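>>> model this:
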Amino acid sequence: MFDKLKDLKNLSQLKSKVEDIAGAHGEKISEGLEKVGDFIDDRTGGKHSRTIDTAVDKAQDLIEKLGDKKS
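So this is what the prediction gives:
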């Protein structure tokens, strides 16, 4: 039982750390996501452009929300 409580504490600390990183480096992370999306799109010959763009947009939105929690 105590192990479960310890894991919850660690998850809370991890979430806080991720929020800190997103707040401090959100713009760089977002730019990196865009570059990765473009790379994958190029490697797949543009066959999945819409899906890749959607995934990148959702990931960027998540980074923005996480960063806003620490602002």
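
>>> Spatially nearest residue to residue 30, not counting backbone neighbours?
Once flanking residues are discounted, residue 30 sits nearest to residue 60: 4.8 Å by CB to CB, 6 or more residues apart in numbering. Quick note: C-beta positions are derived from backbone N, CA and C, even for glycine.

>>> typo on my end, residue 69
The shortest distance from residue 69 to any non-neighbouring residue, by CB to CB, 6+ apart, is to residue 19 (4.9 Å).

>>> That neighbour against residue 64, yeah?
No - at 11.5 Å, residue 19 does not count as touching residue 64 under the criterion of CB atoms under 8 Å.

>>> which helices and strands does the helix or strand where residue 62 lies pack with?
According to DSSP states H and E, residue 62 maps onto helix 49-69. The contact analysis (3 or more CB pairs under 8 Å, 6 or more residues apart in numbering; DSSP states H and E) places helix 49-69 against helix 2-43.

>>> The helix it packs on to helix 49-69, inter-axis angle?
Put simply, helix 2-43 runs at 140 degrees to helix 49-69, going by axes from the mean of the first three to the mean of the last three CA atoms, to 10 degrees.

>>> avg pLDDT for helix 2-43?
The average of the pLDDT scores along helix 2-43 is 89.

>>> Could you list every helix and strand that that helix packs against?
Counting contacts by 3+ CB pairs under 8 Å, 6+ apart, helix 2-43 is packed against helix 49-69.

>>> Let me know the average pLDDT across the helix it packs on.
Computed over helix 49-69, the average pLDDT equals 95.
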